[in-house]
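S.K.: Turn this into a structure:
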Amino acid sequence: ALYDAVNHPRLHFENDVLNIEPGFDGDAVQSLLNKFKNHKLWLQQNVYFGGVHTVCEHQGVFCGAGDQRRAGVARVVE
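M.R.: Sure, this is the predicted structure:
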């Protein structure tokens, strides 16, 4: 779940332009495109959308996820 959240498609709105990564539901994307005339549809995930790397601890067990956009990885060292 953590890996999926970090690597899920993203969108970004700035300077009146909506940028959308691939992977969202087609109907949802079309609805957004109808509302935001200035838009860019990206063909693949891109570092433009940032990089998220995360670590999680639950009851003494660690896990992590690295963002594919930045070739991120997570490794637990014991």
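S.K.: contacts for the top helix by length along the chain?
M.R.: In the chain, taking DSSP state H as the definition, the longest helix is helix 26-35. Outside helix 26-35, the residues that touch it by Cβ atoms under 8 Å, 6 or more residues apart in numbering are 11, 18, 20, 39, 41. Yep, even glycine has a C-beta here, placed from its N, CA and C like the rest.
S.K.: Strands - which of those residues land there?
M.R.: Mapping those onto strands (DSSP state E) picks out 11, 18, 20, 39, 41.
S.K.: May I see the residues you listed arranged in TSV, with neighbour count and distance to residue 71 as well?
M.R.: Formatted as TSV, the ones in strands among the contacts of helix 26-35 follow (neighbours: other Cβ atoms under 10 Å; distance: Cβ to Cβ, whole Å):
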residue	neighbour count	distance to residue 71
11	16	22
18	17	26
20	21	22
39	16	27
41	13	23
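S.K.: and those residues as JSON lines, adding pLDDT?
M.R.: Listed next are the ones in strands among the contacts of helix 26-35 as JSON lines, based on pLDDT from 0 to 100:
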{"residue": "11", "pLDDT": "97"}
{"residue": "18", "pLDDT": "98"}
{"residue": "20", "pLDDT": "98"}
{"residue": "39", "pLDDT": "97"}
{"residue": "41", "pLDDT": "98"}
